[in-house]
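>>> one predicted model, sequence on top.
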Amino acid sequence: MNPSAAARLNTALAWVLLAFLVAPALVAIPVSLTPKTFLSFPTDELSLQHYRKLFGSAEWMSSFWQSTVIALASTLLATATGTLCAIGLWRVSSRAGEVMRAVLLLPLVIPPIIAAMAFYRLFVPLGLIDSYPGLILAHTVLAAPLVLITVSASLAGFDVRLEQASRGLGASGFTTMRRVILPGIKPGVMAGAVFAFISSWDEIVVTLFLSKFSVYTLPRRMWNGIRENTDPTVAAAAVVLMVVTLVAFLIWALAARARAKGLKHG
């Protein structure tokens with residue numbers, strides 16, 4: 001098989017795999033347009049009534065804004081924490097640093113139900129159950145490893161001589177980090193922030209353990225809608241979740257593309 005045919009075959013297989021992974025989620029789109037009051041595919045006509053119910057309901061909109069606030073706050077904390085940890089481990093570059101890296105990546109390995117129980121046991125005596133600080137802290141812990149991975153990947157390609165030159169010219173460690181290191185790893189930081197936002201925005205298992213009545217995120221309201229009355233409004237909310245996730249990815253992709261063009265012309 002010649003290289004061009006192999007490349008086309010790999011591309012086709014990649015698209016087939018992508019369609020296989022994405023197709024189940026796309027089912028929510030036609031279901032959200034059904035005119036019926038239960039989960040079903042539309043047959044004769046399409047209706048936007050469930051979107052009107054979603055955006056016209058105080059409960060649904062409250063959950064939407066709560067999810068947004070929690071996701072933005074946890075994204076800021078996870079991005080700062082993950083970036084600093086990645087830079088610190090990059091500077092250490094020792095066996096102890098690799099052990100610490102493995103420990104910091106544990107939230108990605110531990111099953112969500114185990115993490116949820118651990119958070120619950122820890123937050124009960126601290127009074128953080130059913131509170132914004134509790135959920136933000138939990139989502140930050142879950143999202144920070146994603147930032148650590150993307151920033152570490154950027155640091156692997158960072159030219160150490162730039163840092164050495166900055167320090168040699170008299171710049172302080174803080175100035176070097178702010179004006180040399182961080183601009184050089186900006187794509188990794190932005191990618192980590194996008195992944196952290198999506199992780200918090202879609203999270204449900206830990207939220208079910210840590211929230212009750214005061215904090216009611218959008219994924220939790222969707223969970224209850226499916227469990228109690230199979231309201232098609234849940235499908236409309238799922239479409240909104242997918243759109244927000246897609247927009248986050250597009251923002252990151254456009255920013256990365258603009259940066260790549262700037263470096264090319266610079």
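Noted; the coordinates are in hand.
>>> which residues touch the residue nearest to R167 when sequence neighbours are not counted?
Leaving aside its chain neighbours, R167 sits nearest to T176 (5.9 Å; criterion: CB to CB, 6 or more residues apart in numbering). Glycine gets a C-beta too; all of them are placed from N, C-alpha and C. Neighbouring residues of T176 by CB atoms under 8 Å, 6 or more residues apart in numbering: E163, S166, R167.
>>> between those, which is closest to S214?
E163 (46.0 Å; CB to CB).
>>> buried stuff in the one helix or strand that closest one maps to?
Using DSSP states H and E, E163 sits within helix 160-168. Within helix 160-168, the residues scored as buried using 16 or more other CB atoms under 10 Å are E163, S166.
>>> using CSV, write out every CA atom in that helix.
Provided in CSV are the C-alpha atoms of helix 160-168 (Å, rounded to 0.1, in the frame of the first residue of the first chain):
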residue,chain,number,x,y,z
VAL,A,160,15.6,26.4,28.5
ARG,A,161,18.1,28.8,27.1
LEU,A,162,15.5,31.5,27.0
GLU,A,163,15.1,31.2,30.8
GLN,A,164,18.9,31.2,31.3
ALA,A,165,19.2,34.3,29.1
SER,A,166,16.6,36.1,31.0
ARG,A,167,18.2,35.3,34.4
GLY,A,168,21.6,36.1,33.0
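>>> so for it, mean pLDDT?
Average pLDDT, helix 160-168: 80.
>>> give me the three-state assignment for T230.
Secondary structure assignment for T230 (DSSP: H, G, I helix; E, B strand; the rest coil): coil.
>>> could you pull up the residues touching it?
F38, L39.
>>> what about this structure, any weak spots by pLDDT?
Along the chain, segments meeting pLDDT under 70 span 1-3, 227-229, 256, 258-266.
>>> ok so, going back, after the helix or strand that contains the residue nearest to R167 comes which helix or strand?
Using DSSP H and E, T176 sits within helix 173-176. As assigned by DSSP H and E, the chain's next helix or strand after helix 173-176 is helix 182-184.
>>> give me the distance between that next one and the centre of its chain.
21 Å (CA atoms, centre = their mean, to the nearest Å).
>>> buried sites along the one helix or strand V103 maps to?
Per DSSP H and E, V103 falls inside helix 95-104. Under the neighbour-count criterion of 16+ other CB under 10 Å, helix 95-104 has R101, L104 buried.
>>> quick one: list the elements packing against that helix.
helix 58-92, helix 132-156 (3 or more CB pairs under 8 Å, 6 or more residues apart in numbering; DSSP states H and E).
>>> tell me which other helices or strands the first one touches.
So that's helix 58-92. helix 49-56, helix 95-104, helix 132-156, helix 186-202, helix 218-228, helix 233-265.
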